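Student: Please work out how this folds:
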Amino acid sequence: MNALSLKIAAALFAGTLLAGCVQPRTIDYSAFKESKPRSILVLPPVNESPDVKATYSLYSQVTYPLAESGYYVLPVALVDETFRNNGLTNANDIQQTSPAKLREIFGADAAMYITVKQYGTSYIVISSQTIVSVTAKLVDLRTGAALWTGTASASSDEGNNNSGGGLIGMLVTAAVKQIINSATDAGHPVAGVASSRLLSAGQPAGMLYGPRSPKYGTD
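Tutor: The predicted structure follows:
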């Protein structure tokens, strides 16, 4: 084998190793399938981003993907009001409530704990984009056992190749986007995409279909 052949073989081997490193993570669904939750209580998301709008922007959009996946989701407005009436207004404090207490108050089978890792618009030289990143954990309120964990993110720049207009054009476009995004809640629609990716069944390493879905038991 000549030197060129050795280089090609080495490159192919390195590519194989790299491909092996990016395989989707595997999930053990045994506890999830044994628990068979029918109703889900979504707790107000903990916000680790600097944007104060993050918690309720995401919270207002979590019901749809879970309901579409086949679960009964306790109305988030009612849940939030119940916590407020009991003196709990901070998402961190709410998520520290014991599973047994949550089960006693709401009667749900499981609770969804969500954390917003990133929410908002950043300006990076020739790019201004809004990014939302979230993580979630589903916990059985009857046993306190974790049933599933997931993570998802979305960006306003997905599918945007930034072509045309040259460097000056890209700089101006980024600056204008930054001004518009700062004046409005540009993160809200992006949060909707992230929540759908996070909580919709049928995604790789995602939630299982619930009992109200015609696909229940097929995953």
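Student: What mean pLDDT does the host helix or strand of residue 55 get?
Tutor: Element membership for residue 55, per DSSP states H and E: helix 54-59. Across helix 54-59, the average pLDDT comes to 93.
Student: list the helices and strands the helix or strand residue 80 falls within packs on?
Tutor: Residue 80 belongs to helix 76-85 when assigned by DSSP H and E. Where contact means 3 or more C-beta pairs under 8 Å, 6 or more residues apart in numbering; DSSP states H and E, helix 76-85 is packed against strand 39-42, helix 99-106. (Glycine included, C-beta is placed from N, CA and C.)
Student: Can you list the strands that the strand or helix carrying residue 154 pairs with?
Tutor: Element membership for residue 154, per DSSP H and E: strand 146-155. The strands beside strand 146-155 in its sheet (DSSP bridges) come out as strand 127-140 (antiparallel).
Student: any residues touching the following helix or strand past the helix holding residue 80, and which ones?
Tutor: Sequence-wise, the next helix or strand downstream of helix 76-85 (DSSP H and E) is helix 91-95. The set of residues external to helix 91-95 that reach it, using C-beta atoms under 8 Å, 6 or more residues apart in numbering, is 43-47, 55, 83, 88, 113.
Student: top of those by neighbour count?
Tutor: Using other C-beta atoms under 10 Å as the neighbour criterion, residue 45 leads the contacts of helix 91-95 with 27 neighbours.
Student: Would you mind confirming that that residue makes contact with residue 60?
Tutor: No: Residue 45 is beyond contact range of residue 60, at 10.5 Å (criterion: C-beta atoms under 8 Å).
Student: Spit out the residues that contact these two alike.
Tutor: By C-beta under 8 Å, 6+ apart, no residue touches both residue 45 and residue 60.
Student: List of residues touching the strand holding residue 154?
Tutor: 27, 29, 31-32, 35, 37, 110, 118, 129-140, 190-191, 193-195, 197-199, 205-208.
Student: Please apply the same query to stretch 186-198.
Tutor: Counting by C-beta under 8 Å, 6+ apart, 51, 53-54, 57-58, 61-62, 64-65, 114, 119-121, 130-134, 136, 150-156, 180, 203, 206 sit against stretch 186-198.
Student: repeat that for 6 Å
Tutor: 57-58, 61-62, 65, 119-121, 130, 132, 134, 136, 150, 152-154, 156 (C-beta atoms under 6 Å, 6 or more residues apart in numbering).
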